[in-house]
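[1] let me see the structure of the following:
(chains A and B)
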Amino acid sequence: MGDTANVIELKGVSKDYGDFKLDDVSFSVPEGSVCGFIGQNGAGKTTTIQIILDAINRDGGEVYVFGKSMDKDSVAIREDIGVVFDEMGFHDFLSAAQINTIMKNIYKNWNQETYFAYLKRFSLPAKKACGSFSRGMRMKLQIAVALSHEAKLLIMDEPTSGLDPIVRNEMLQIFREFVVEEDHTILLSSHITGDLEKLADEVVFIDGGKIVLTGNKDELLEKHGILRCKKDEVKNIDKDLIVSAEISSLGAEILVNDRKTAAKKYPEMIVESAGLEEIMIFYANREKGYQMSQN
Amino acid sequence: MKGLLIKDFFCLKKQLINYLFVIVGVIVVSILFVLSYNFGNIHAQFTQLIDSGESTEAGVTMIASNVLLLFMLIPIACTGDITNLITDDEKASFYKVASALPVSVSIRVASRFLAGYLFIAIGVVVDVIMSMVISSLTGIISLEKFCGVVISFASIMILYVSLFLLLVYVLGKGKTTYAGVIPLLAGVIVYGWVHFDRLRAFLMDNNDDALMEIYQRTTGFMFYRSYLLLLAAVVVSFAAYTAAVWIAKRKRGVA
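    Here you go, the predicted structure:
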């Protein structure tokens, strides 16, 4: 049985597609948190999400959502999950009002008043075919659906990808409102780390089908740093501190896993804070074997 | 399941004008045909054929009944064609949404089969109304025989839809055309195999009687033994559903 304090719990999940493998994926998402699931395109984010939803078969491992095994209760568990995909998934000829008719006959807790309130808030026409909607409107429609059946967990796969900054910001605001409720949790997959820096409490970084890094976002940002030095100084840096490095003729940039220690040890060098994007890039480079890459 | 069926009926709604056009058109044309057969140009033409010895009373009745059978096939074939349901879902990537809904794979597959059968039922209702109207206007085919024809056509469409849906799950996304063609080819092969000797006699020996025999056996089967087709349709649809659920569970993400 999974830990009920974690809304999502994956233990040793694997899936082999031949040309791509999800390998021993384990992580958990605590209740009431926003978990940013980051990784480059093709890293395995969507496959992991599909496995969490029990939409595809996995080869091994265990998945618990709300402390229940997805093998036994997936249909009932999905009543409490709102899902937003990177594309709309509804037929172009359907209107938002028709989607309401469909969904109220699927979800037990469907609340059409909430749904139409979201449509109004998002300025989405109820009677117009959604095929004529812009990408931003389509994503908002999905969010309206995901938030209208009293879901406690929101799983989103690249919801902000391809959206302009204003719409993205608007959506982040909606997500913030959702997690105001203590028992509401979000798993947000994205390769746009800026959004996650604004919103996430926890971060799970996946690369090449493997979990590379997990933890509290603020702690990760606090711990990691970018150390800048001359090319020939790299050999003097403690190897245990280095995640990976980018070395060019102009100098070296090194991601260190303990910013304070690095700053103490090498006071003559510049150690700056690292953003999620830099952390993601340097960890991805390490996974590719570019621990000391030369440009 | 109800929500998924409603979604399929919204897809049908998109084609409603085409359906109405075809169904109303067929009803109107068949009534005009019957009236003309009894009192109009067709009556005059057939009388002339009989008087000149080029055909017999039985011959012209057979031609007329063939035309009516063809008219009966159109509504049921039109509403039973659910290819658009599959292609619309694929185009919208609805499988992604479906996989996140609180609906089991077996219910998702069942709703697909049920939608297909309900669409056939619409065609059956139209055919029954047509049968009642036409049989009250003419004695070319009795209502009893019409009922046999409707059951036969409905059974053939159930067989077609069941095999089509099974193949949709077997072949996976983007292969809807193959899934639609293979059951048709299978049907032609089975029909050809049943009438192999007579077809060979007609094609190789130019034996027209063999063709007439095929026609008589086919219509005789539809008029009097349609229950056998219905039985086959029930068995095949149950087997196809069971197999489709098994495949959809193995290939989760497809259903």
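
[2] quick check: domain ranges of chain A?
    Chain A breaks down into these domains under automatic domain parsing: A:6-220, A:224-294.

[3] the chain: helices as residue ranges?
    Going with chain A. A:45-52, A:70-78, A:96-104, A:112-121, A:135-146, A:165-178, A:193-199, A:217-223, A:259-265, A:276-287 (DSSP state H).

[4] you looked at the wrong chain, it should be chain B
    Assigned by DSSP H, chain B shows helices spanning B:2-14, B:16-39, B:41-51, B:57-80, B:83-92, B:94-100, B:105-137, B:143-171, B:176-194, B:196-205, B:208-224, B:226-250.

[5] quick check: buried residues in the third one?
    Using 16 or more other CB atoms under 10 Å in any protein chain shown as the test for burial, helix B:41-51 gives B:I42, B:F46. For every residue, glycine as well, the C-beta is placed using N, CA and C.

[6] same question, the fifth one
    Along helix B:83-92, these residues count as buried under the neighbour rule (16+ other CB under 10 Å): B:N84, B:L85, B:I86, B:D88, B:D89, B:A92.

[7] contact residues of the stretch 101-250 of chain B facing chain A?
    Neighbours of chain A within the stretch 101-250 of chain B, by CB under 8 Å from any CB of the partner chain: B:L101, B:P102, B:V103, B:S104, B:R250.

[8] and of those residues, the nearest to chain A?
    Nearest to chain A among those: B:P102, at 4.1 Å, using CB to the nearest CB.

[9] pLDDT of stretch A:17-33, averaged?
    For stretch A:17-33, mean pLDDT is 91.

[10] what is the end-to-end distance of it?
    By CA to CA, to the nearest Å, the extent of stretch A:17-33 from end to end equals 31 Å.

[11] and chain B, is it touching that?
    No - if you take CB under 8 Å from any CB as the test, stretch A:17-33 misses chain B, and the best it gets is 11.7 Å.

[12] buried residues in that stretch?
    Across stretch A:17-33, burial judged by 16+ other CB under 10 Å covers A:K21, A:L22, A:D23, A:V25, A:F27, A:S28, A:V29, A:P30, A:E31, A:G32, A:S33.

[13] where's the first one relative to A:G209, distance?
    The spacing between A:K21 and A:G209, counted by CB to CB, to the nearest Å, is 5 Å.

[14] need the buried ones from the residues of the stretch 101-250 of chain B next to chain A selected in ChimeraX.
    Of those, the buried ones can be selected in ChimeraX as follows, counting by 16+ other CB under 10 Å:
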select /B:101,102,103,104
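
[15] can the residues of the stretch 101-250 of chain B next to chain A go into CSV with extra columns for distance to A:L163?
    Output for these, formatted as CSV (distance: CB to CB, whole Å):
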residue, distance to A:L163
B:L101, 25
B:P102, 28
B:V103, 29
B:S104, 33
B:R250, 36
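
[16] list just the nearest of the residues of the stretch 101-250 of chain B next to chain A to B:S30.
    The closest of these to B:S30 turns out to be B:V103 (CB to CB; 41.0 Å).

[17] any idea how far A:N111 is from that closest one?
    From B:V103 to A:N111 the distance is 19 Å (CB to CB).
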